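Enquirer: quick one: sequence and predicted model below, then my questions.
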Amino acid sequence: IDRTMAAYNRLSRSGTLSATEQSRAFEKTQATVSRLRQEMAGAERQQRSWGKAAFAIGSGVVAGAMTLRKPINDQMDYSLHLAELANFAYSNDGVAERTKGKQTIDQAIREALRQGGGTHEQAVGAVEAMLRAGNMQRSEVFKELGNVMMNATANLADAVDMANLQSSIYGFGLNKQDSSLALSATTTAAQHGRAGVGLLAKELPGALSSARSAGFHGREGFAAVPALFQTAAKEAGTPEQGVTNAYNLMADLTSSNLANNAKQLMLKGKDGKTIKGVDFRALARQDAEKGLTPLDTVNRLVDRALAGDTGYQKLTKRLATTKDENARADIEAQRSLIEGQYIAQLFPNQYSGSGFRAYRKNKPYFDKLQHEMLEQFDLPEGQRSAELDYGLIKDEPKMQLQRAENEKFNATNDAISPVSKVLGDVAETGAK
């Protein structure tokens, strides 16, 4: 409009038009201005219409956000957990690689839940536990997650405890294949003793560390630890007490206390003369060369002490010729007392002493359980203890519902994620 009026004014001031021509130019200018004003009025009406529509759309978005508040929050929380894990797992990488890492972790969790059951929250906890323990490579954590979740589900155990056990098994030094199968061997131990998988998973990691320091290694060394837990639990008042006894015993096998106490032990030499003490560490190293463990060393040391104990040997001879049951019980009690005194001299710690007495008393049980655990490493896939247990558990209605809820969670996250991102961007823009 301004440009049209300016053009008419310049033409009018030029003095080149007749009165008639100037009148026609004025009329044409008025017509143009009128048309432009009509067009402008129409534009204003359109803008008002758009404003109303935008308000309606905005109200719909807000209403939708209110309706979907819980799924969005779940998706946001889950995404935040993934981001936290990605920041830790990909700490040497840039933002772009960490963003890809989030997707990798999410995919590993989805596959693990399909393979072994459990919930997203449990799987996130398991991933974090294995990553932070530092015994496993990032790729190994993702690879073992399904196995961890399957063993946890099969035994109704805590996934984080199971993840910590898996990590400690890697730290124990088993090869990758055996490290995966060791969880199933733990299930076997639980099936043949008082301590369940949940208790074993919680307490074994620390004991495995002590066992490795004591020279336990390989499949047999690993199997010896859960077997010792169950053997100690067999004699204790509760499974928990038995596990505590075994835990203390395993720690004492490398302690200076045991080495010092062995030096005070009175033994008979080969010439029949009494000698004071032995170098326990030297004996343990000699036994290790023969494939034996410190448990074997202590056991042989007690046997040697009893063999040279005149009172014990007299009682043993009497026992061989005594038929009366009450008399035999009295003799056995006296023999146990002498044996217990030697054990107490080596292990003043009540818990360690109780654990070792249970081991000596139930050595055949220990050997049998260790053997059954070792068999798990050579069984074909689908026939191992944890796999068989999971085969039954996974078909329970509660587990079927859980798997369906997991897939719903995945689908909801995929659908809600873009909306969450938009709402986040809008909120951030609004704050500015």
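Expert: That came in fine, so what should we check first?
Enquirer: CA only for contacts and neighbour counts going forward, please
Expert: OK.
Enquirer: flag the shaky bits of the protein, pLDDT-wise.
Expert: 1-2, 4-27, 29, 32-33, 36, 38-73, 269-272, 417-432 (pLDDT under 70).
Enquirer: change it to 50
Expert: Residues of the chain meeting the criterion pLDDT under 50: 50-51, 53-59, 62, 65-72, 420, 422-424, 426-428, 430-431.
Enquirer: which residues touch S210?
Expert: M250, A251, T254 (C-alpha atoms under 8 Å, 6 or more residues apart in numbering).
Enquirer: hang on, it is in a strand, isn't it?
Expert: No: when classified by DSSP: H, G, I helix; E, B strand; the rest coil, S210 is found to be helix rather than part of a strand.
Enquirer: any idea how far it lies from G171?
Expert: S210 is 11 Å from G171, where distance means C-alpha to C-alpha, to the nearest Å.
Enquirer: how about L401?
Expert: In terms of C-alpha to C-alpha, L401 sits 36 Å off from G171.
Enquirer: neighbour count winner among these two?
Expert: G171 (18 against 11; other C-alpha atoms under 10 Å).
Enquirer: over to the closest residue in space to that one that isn't next to it in sequence. Which of the three states is it?
Expert: Among residues not flanking G171 along the chain, N135 sits closest, at 5.3 Å (C-alpha to C-alpha, 6 or more residues apart in numbering). Applying three-state DSSP to N135 yields a three-state assignment of coil.
Enquirer: could the contacts of S210 go into JSON lines alongside neighbour count, secondary structure and distance to G353?
Expert: Output for the contacts of S210, formatted as JSON lines (neighbours: other C-alpha atoms under 10 Å; DSSP: H, G, I helix; E, B strand; the rest coil; distance: C-alpha to C-alpha, whole Å):
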{"residue": "M250", "neighbour count": "28", "secondary structure": "helix", "distance to G353": "11"}
{"residue": "A251", "neighbour count": "18", "secondary structure": "helix", "distance to G353": "12"}
{"residue": "T254", "neighbour count": "19", "secondary structure": "coil", "distance to G353": "15"}
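Enquirer: can you list these in TSV and add distance to F216?
Expert: What follows is the contacts of S210, written out as TSV (distance: C-alpha to C-alpha, whole Å):
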residue	distance to F216
M250	10
A251	12
T254	11
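Enquirer: the residue nearest to G171 touches L165, doesn't it?
Expert: No: with contact defined as C-alpha atoms under 8 Å, N135 does not count as touching L165 (10.9 Å).
Enquirer: so for the two, which residue has more residues nearby?
Expert: More crowded of N135 and L165, by other C-alpha under 10 Å: L165, with 26 against 19.
Enquirer: host element of the more buried one?
Expert: Using DSSP states H and E, L165 sits within helix 159-172.
Enquirer: okay, the very next helix or strand once past that helix in CSV with CA atoms only?
Expert: As assigned by DSSP H and E, the chain's next helix or strand after helix 159-172 is helix 176-191. Backbone C-alpha positions of helix 176-191 (Å, rounded to 0.1, in the frame of the first residue of the first chain) are rendered in CSV as follows:
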residue,chain,number,x,y,z
LYS,A,176,35.6,-68.1,28.7
GLN,A,177,33.6,-71.2,27.9
ASP,A,178,34.1,-72.7,31.4
SER,A,179,33.2,-69.3,33.0
SER,A,180,29.8,-69.5,31.3
LEU,A,181,29.2,-73.1,32.4
ALA,A,182,30.3,-72.5,36.0
LEU,A,183,27.0,-70.9,36.9
SER,A,184,25.2,-74.1,36.0
ALA,A,185,27.7,-76.0,38.1
THR,A,186,26.8,-73.7,41.0
THR,A,187,23.1,-74.7,40.4
THR,A,188,24.2,-78.4,40.7
ALA,A,189,25.8,-77.6,44.1
ALA,A,190,22.6,-75.9,45.3
GLN,A,191,20.6,-79.0,44.2
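Enquirer: helix 176-191 to helix 159-172, inter-axis angle?
Expert: 130 degrees (axes from the mean of the first three to the mean of the last three C-alpha atoms, to 10 degrees).
Enquirer: other residues contacting helix 176-191?
Expert: 144, 147-148, 151, 155, 165-166, 169-170, 196-197, 200, 219, 223, 226-227, 230, 369, 372-374, 376-377, 384-387.
Enquirer: now the buried members of those residues.
Expert: By neighbour count, with 16 or more other C-alpha atoms under 10 Å, those hold 144, 147-148, 151, 155, 165-166, 169-170, 196-197, 200, 219, 223, 226-227, 230, 369, 372-374, 376-377, 384-387 as buried.
Enquirer: could you pull out the helices for the stretch 151-300 of the chain?
Expert: Assigned by DSSP state H, counting those that start in this stretch, the helices in the stretch 151-300 of the chain fall at 159-172, 176-191, 197-213, 218-235, 239-252, 256-262, 280-289, 294-307.
Enquirer: turn the ones you listed into TSV, columns for distance to Q313.
Expert: Putting the helices of the stretch 151-300 of the chain into TSV (distance: least, C-alpha to C-alpha, whole Å) gives the following:
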stretch	distance to Q313
helix 159-172	41
helix 176-191	36
helix 197-213	34
helix 218-235	26
helix 239-252	27
helix 256-262	21
helix 280-289	24
helix 294-307	7
